[in-house]
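>>> Got a predicted structure here, sequence first:
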Amino acid sequence: MGTMTGSNNLQSLKYSSGDKPTLAVLDQLLIPHEKKYIDIPDVEAAWGVIRSMQIRGAPLIAIVALLGLAVDLNSNAKTIGELDAIKDDGDALMKFIETKLDYLSTSRPTAVNLFNAIAELKGVLQNAKAKFNGEGTIRGCLCKAVVQHTEFMLERDVQDNRHIGKFGAEEILKGKEGKVTIMTICNTGSLATAGYGTALGVARALQEMDKLESIIALETRPYNQGSRLTAFEIVEEKMPGGTLICDSAAGAMMRTKKIDAVVVGADRCCANGDTANKIGTYNVSVVAAGHGVPVYVASPFTTLDVSLTNGDGITIEERPSNELISSAKAPPSINCWNPAFDVTPAKFIAGIITEKGVILPEADGSFDVPAFV
Ligand SMILES: CSC[C@H]1O[C@H](OP(=O)(O)O)[C@H](O)[C@@H]1O
């Protein structure tokens with residue numbers, strides 16, 4: 001197999017398949033000024049680019065973690081030496097791989113995609129080990145299973161995003177004539193996924209249908225994913241009516257201009273529909289409720305977490321003070337509280353757009369969210 005990347009011009013990663021796979025990821029901290037790819041030779045490098053937010057976005061975090069493992073096991077000389085030393089002991093090999101997966105799970109805590117992906121891959125490996133028929137080596141069987149499953153995940157993400165785009169566009173256009181204006185927060189496009197995007201994918205689908213009047217991007221302080229990344233995607237993809245506003249202008253814009261819907265991404269949707277997403281999503285949702293503007297969450301099944309009954313159980317990542325201080329140009333000694341995410345209660349959400357359709361709320365405003373299986 002040749003090089004596999006995302007579906008748009010903007011490639012969040014470059015992955016080359018084959019016996020010796022390779023991976024490079026776009027350093028998103030340099031966007032919009034520079035497009036530079038970082039080589040990922042092992043799980044430590046994958047962990048590093050996730051933690052530093054050189055790559056980010058709930059689906060992309062999971063994909064880079066697992067592709068990093070695929071490269072580590074099959075192409076990294078040090079890891080190959082360690083595997084050689086294990087010989088062909090199935091239990092020891094499983095433990096070796098699972099230890100690497102558990103390490104990757106410590107990179108960032110909030111987006112459930114990484115944890116769902118790790119659990120899914122562990123299941124695939126257990127299955128492959130149980131079905132191993134003695135042809136070749138168990139090591140070859142497990143390393144191949146990692147590559148095959150991860151490549152499947154990469155392709156599934158783009159397909160799911162296209163379906164989310166279609167279902168979301170149809171939902172927003174219901175009962176409407178003419179074109180629509182969408183407001184969004186953070187970055188949920190090609191740069192946050194394997195390609196196409198989730199919430200920004202909905203805007204992209206509307207654009208493809210010639211139904212997008214305008215896309216409004218919130219700057220998304222303090223990390224500015226909206227102004228650095230979404231604005232960049234809007235410009236690169238020539239999305240109509242692309243407009244950047246500061247976070248605190250959302251209410252003023254809803255009060256003075258026609259906003260048809262707010263569409264946001266997600267890092268974790270709980271059983272009742274409570275959703276963790278980028279810090280500031282809750283504010284926008286409350287303001288939108290005050291103006292009768294529906295808020296949709298675009299979320300693949302990989303972002304669903306029905307093990308949590310509601311949002312109170314979500315671990316919210318707190319980023320270091322210096323990230324807020326440097327972004328806000330604040331005095332270095334000021335005390336900071338810098339949560340990366342907030343939880344929007346289900347009552348503020350009009351629908352959860354998935355690749356299988358739009359989940360609408362029950363009469364009491366809560367959702368009956370299905371499980372990721
Ligand atoms: C396609 S969902 C992207 C999701 O990731 C963001 O967070 P971060 O940039 O910190 O990884 C954000 O919450 C988005 O909605």
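Okay, I see it.

>>> In contact with the residue positioned nearest the centre of the chain, which residues?
Centroid-nearest residue in the chain, with C-alpha atoms, centre = their mean: A58, separated by 2.4 Å. With contact taken as C-beta atoms under 8 Å, 6 or more residues apart in numbering, A58 is in contact with 111-114, 192, 265-268, 302-303. C-beta coordinates here come from the backbone N, C-alpha and C atoms, glycine included.

>>> go with 10 Å
Contacts were defined as C-beta atoms under 10 Å, 6 or more residues apart in numbering; by that measure A58 touches 108, 110-114, 116, 188, 192-193, 198, 265-268, 276-278, 299-300, 302-303.

>>> Quick check: which of the residues you listed are also close to the ligand?
The overlap between these and the neighbours of the ligand (C-beta under 6 Å from any ligand atom) comes to 188, 192-193, 198, 265-267, 277-278.

>>> so what's the residue of the chain found nearest the ligand closest to, chain neighbours aside?
Minimum separation of the chain from the ligand (C-beta to the nearest ligand atom) falls at G265, amounting to 2.8 Å. Nearest residue to G265, sequence neighbours excluded (C-beta to C-beta, 6 or more residues apart in numbering): T188, at 3.5 Å.

>>> I215 is in contact with that neighbour, correct?
No - taking C-beta atoms under 10 Å as the contact criterion, T188 and I215 are not neighbours in contact, 11.5 Å apart.

>>> intersection of neighbour lists for the two?
Contacts common to T188 and I215, judged by C-beta under 10 Å, 6+ apart, are 200, 202-203, 230, 233, 263.

>>> Which pair in these has the greatest spatial separation?
Greatest spacing in the shared contacts of T188 and I215, by C-beta to C-beta: E233 and V263 (14.1 Å).

>>> dump the residue contacts of N224.
If you count contacts by C-beta under 10 Å, 6+ apart, N224 has them with 186-187, 218, 230-231, 247, 327.

>>> If we only consider the residues you listed, which is nearest to D72?
Taking C-beta to C-beta as the measure, N187 is the one of the contacts of N224 closest to D72, at 27.0 Å.

>>> Confirm that that closest one lies within a helix, as I assumed.
No - secondary structure assignment (DSSP: H, G, I helix; E, B strand; the rest coil) places N187 in coil, not in a helix.

>>> Spit out the contact partners of it.
Counting by C-beta under 10 Å, 6+ apart, N187 touches 28, 31, 56-57, 60, 193, 197, 199-200, 217, 220, 223-233, 265, 278.

>>> now do T184
Contacts of T184 were listed using C-beta under 10 Å, 6+ apart, and they are 197, 199-200, 202-203, 215-218, 220, 226, 230, 234, 261-265, 281, 284, 296, 298.

>>> Give me the subset of those residues lying in helices.
Within the contacts of T184, residues falling in helices by DSSP state H are 199-200, 202-203, 234, 281, 284.

>>> show me what contacts the most far-flung residue of the chain relative to its centre?
Computed with C-alpha atoms, centre = their mean, the residue of the chain farthest from its C-alpha average is G134, at 38.0 Å. With contacts defined as C-beta under 10 Å, 6+ apart, G134 is in contact with C141.

>>> Pick out whichever of T188 and I215 has more residues nearby.
Neighbour count, other C-beta atoms under 10 Å: between T188 and I215, T188 has more, with 34 against 28.

>>> would a markdown table of the ones next to the ligand among the contacts of A58 with pLDDT be doable?
What follows is those, written out as a markdown table (pLDDT from 0 to 100):
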| residue | pLDDT |
| --- | --- |
| T188 | 98 |
| A192 | 98 |
| T193 | 97 |
| T198 | 98 |
| G265 | 98 |
| A266 | 98 |
| D267 | 98 |
| N277 | 98 |
| K278 | 98 |
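
>>> ok so, going back, model confidence for the residue nearest to the centre of the chain, exactly?
Looking at A58, its pLDDT reads 97.

>>> and what of the one 4 residues further on?
A62 is assigned a predicted lDDT (pLDDT) of 98.

>>> repeat for M4
According to the prediction, M4 has pLDDT 53.

>>> Next: the one 5 residues further on.
Model confidence at N9, given as pLDDT, is 65.

>>> show me what contacts the residue of the chain closest to the ligand?
Under the criterion of C-beta under 10 Å, 6+ apart, the contact list for G265 reads 57-59, 111, 164, 184-189, 192-193, 197-202, 225, 275, 277-278, 281, 297-300, 303.
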